[in-house]
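Peer 1: Give me the fold of what follows.
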Amino acid sequence: MLLTEVQTVGCNILVIEPLSVSQDKKEAFIATLQYTLQIEQEFKQVYKLEPDELDSERLGEGKYLLFWEASEGGGGVLSQLLQQPKAF
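Peer 2: Residues are numbered from 1 along each chain as shown. The predicted model follows:
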């Protein structure tokens, strides 16, 4: 999986492109990952996220998944995911 992070002042962004997933399964993989990282309470408890602190959107006809920390200043959860690849 290719993970790319871009950091600017007060903003954390993570773009995910699943490289090792076959094309016919890519849409289901992206949907599952988006649901898990944005909605699942267990994920939010582990990273101490508020309900609206992480947001996401599919890009490039579902080829990429964009996450951003929606709260001011961000909680650093996306940076933590990059520092701990096994967290996925």
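
Peer 1: secondary structure element for residue 35?
Peer 2: helix 23-38 (DSSP states H and E).

Peer 1: what's the offset of that helix from the middle of its chain?
Peer 2: Centroid separation between helix 23-38 and its chain, computed with CA atoms, centre = their mean, to the nearest Å, is 11 Å.

Peer 1: so what secondary structure elements neighbour that helix?
Peer 2: Applying 3 or more CB pairs under 8 Å, 6 or more residues apart in numbering; DSSP states H and E, one finds that helix 23-38 contacts strand 54-59, strand 64-69. Where you see a C-beta, it was placed from the backbone N, CA and C, and this is true even at glycine.

Peer 1: same question for it, mean pLDDT?
Peer 2: Helix 23-38 shows a mean pLDDT of 86.

Peer 1: ok, the residue positioned nearest the centre of the chain - contacts?
Peer 2: Nearest to the mean C-alpha position of the chain, by CA atoms, centre = their mean, lies residue 67 at 4.3 Å. Counting by CB atoms under 8 Å, 6 or more residues apart in numbering, residue 67 makes contact with 13-16, 37-38, 54-56, 78.
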